[in-house]
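> Provide a 3D model corresponding to the input given below.
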Amino acid sequence: MIFFTLGLVCDLQAQTVRGQLLDRGGNFVNAHGAGIMQYQGTYYLFGEIKTGKTWLVAGQQWEDYRVPAGGVSCYSSKDLKHWKYEGVALKPSTGDTSKDLDTGRVIERPKVIYNQRTNKFVMWMHIDKKDYSYSQSGVAVSDRPQGPYRYLHSLKPNGNMSRDMTLFQDGDGRAYLIYSSEQNKTMQVCLLSNDYLSPTTLYRRILIGRNREAPALFKSGQKYYLITSACTGWSANAAFYAVADRPLGPYKVIGNPCRGTGSGLTYNAQSTFVLPSPGKPGQFIFMADRWNKLDLPKSDYLWLPLKVASGKVVIDGN
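This next block holds a predicted model:
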């Protein structure tokens with residue numbers, strides 16, 4: 001069964017999305033740089049709200065297109081097909097650019113996990129100034145999966161720069177913050193505290209000298225796989241993946257997981273999250289953004305089946 005809606009193609013068997021995604025109200029899902037958390041039989045989708053006029057930040061060495069920071073949205077679904085808008089999970093502020101959540105700042109790549117010890121839902125995100133000179137990770141907390149979330153603060157984990165990021169929660173309950181660091185020259189993986197609200201001093205530098213961003217970490221069997229993109233601004237490039245025996249690494253770079261037409265540009269998309277397919281060991285959903293750099297609110301989505309077989313990751317875009 002296939003639905004077509006204004007450029008959206010949604011294969012309900014494989015949870016494949018190409019283009020715009022509609023919620024139950026018929027509105028476009030506004031959740032970019034997204035992640036999904038499953039809690040008590042419901043999937044919760046969190047992402048950046050992108051609205052307003054796109055402009056180019058002057059003086060940058062890359063195409064630093066921006067819109068006002070819109071905060072973080074939340075949508076819920078029982079089946080990954082039909083999405084209910086739950087509202088703004090984390091609201092921005094206005095009129096004070098010294099505040100992390102001001103609309104003149106940057107709020108990117110929000111991810112949420114549930115802490116069974118504290119019964120709290122914890123959100124981490126990339127917090128920055130419009131020129132990326134701030135480079136910190138922000139944290140917020142809520143009693144409910146859909147929020148509202150109470151913003152706590154931002155920080156540099158162990159004094160290190162933090163840009164594009166993701167969260168990973170292992171089966172033993174430990175959680176990790178993964179982020180681009182050192183002007184994107186490396187990535188770092190940092191173990192979070194037991195309450196998930198702060199970084200510990202246990203971290204590792206990985207992908208040293210690789211200049212990678214847009215991390216998405218997942219586990220299959222006893223291995224950990226990390227998909228990233230190159231640093232080409234809003235323009236697409238080839239993804240690659242690395243594998244490790246532990247979340248902290250060391251990681252071995254394997255290569256591009258994408259196959260078929262468009263694989264050299266990740267099908268004109270950039271990785272944001274990998275979600276296990278319900279009841280299908282070794283099968284996942286690769287989630288990515290298709291950025292429209294000149295009109296960022298018109299950016300849309302790409303969700304594709306991802307398989308791990310014999311230790312190899314394959315994303316088939318055909």
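
> How about stretch 72-89, which residues are buried there?
For stretch 72-89, the neighbour count (16 or more other CB atoms under 10 Å) marks 72-77, 80, 83, 85-86, 88-89 as buried. The way it works is simple: take the backbone N, C-alpha and C, and place the C-beta from them, glycine included.

> ugh, wrong one, stretch 100-110
Buried residues in stretch 100-110, counting neighbours by 16+ other CB under 10 Å, are found at 100-110.

> So which of the buried residues of stretch 72-89 sits lowest on pLDDT?
In terms of pLDDT, the least confident member of the buried residues of stretch 72-89 is residue 80, at 94.

> How about residue 258, nearest residue that isn't a chain neighbour?
When the adjacent residues along the chain are set aside, residue 258 lies closest to residue 315, with 4.8 Å between them (CB to CB, 6 or more residues apart in numbering).

> what's the neighbour count on the one you found?
By the measure other CB atoms under 10 Å, the count of residues near residue 315 is 25.

> and the residue nearest the centre of the chain, what helix or strand is that in?
Note on the chain: the residue nearest the mean C-alpha position is residue 272, at 3.6 Å, using CA atoms, centre = their mean. Residue 272 is located in strand 270-276, with elements delineated by DSSP states H and E.

> in its sheet, what does that strand sit against?
Applying DSSP bridges, strand 270-276 is found paired with strand 283-290 (antiparallel).

> Parallel or antiparallel, list what pairs with the helix or strand just after the partner strand.
Counting by DSSP H and E, the next helix or strand C-terminal to strand 283-290 is strand 300-309. Strand partners for strand 300-309, identified by DSSP bridges, are recorded as strand 16-19 (antiparallel), strand 283-290 (antiparallel), strand 312-316 (antiparallel).

> relative orientation of the helix or strand just after the shortest one and strand 270-276 in degrees?
Counting by DSSP H and E, the element after strand 16-19 in chain order, helix or strand, is strand 32-39. In terms of direction (axes from the mean of the first three to the mean of the last three CA atoms, to 10 degrees), strand 32-39 departs from strand 270-276 by 10 degrees.

> For strand 32-39, name the packing helices and strands.
The contact analysis (3 or more CB pairs under 8 Å, 6 or more residues apart in numbering; DSSP states H and E) places strand 32-39 against strand 42-50, strand 106-115, strand 270-276, strand 283-290.

> Run the chain-centre distance for it.
On the basis of CA atoms, centre = their mean, to the nearest Å, strand 32-39 is displaced by 7 Å from the centre of the chain it belongs to.

> In that strand, which residues are buried?
Neighbour-count burial for strand 32-39, counted by 16+ other CB under 10 Å, picks out 32-37.

> Restrict that strand to CA atoms and write it as PDB.
Listed in PDB are the C-alpha atoms of strand 32-39, where the atom choice follows Å, rounded to 0.1, in the frame of the first residue of the first chain:
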ATOM      1  CA  HIS A  32      14.300  18.300  11.100                       C
ATOM      2  CA  GLY A  33      17.500  16.800  12.400                       C
ATOM      3  CA  ALA A  34      15.100  14.400  14.100                       C
ATOM      4  CA  GLY A  35      15.300  11.500  16.400                       C
ATOM      5  CA  ILE A  36      12.700   9.000  17.600                       C
ATOM      6  CA  MET A  37      12.200   7.600  21.100                       C
ATOM      7  CA  GLN A  38       9.900   4.600  21.800                       C
ATOM      8  CA  TYR A  39       8.000   4.600  25.200                       C
END
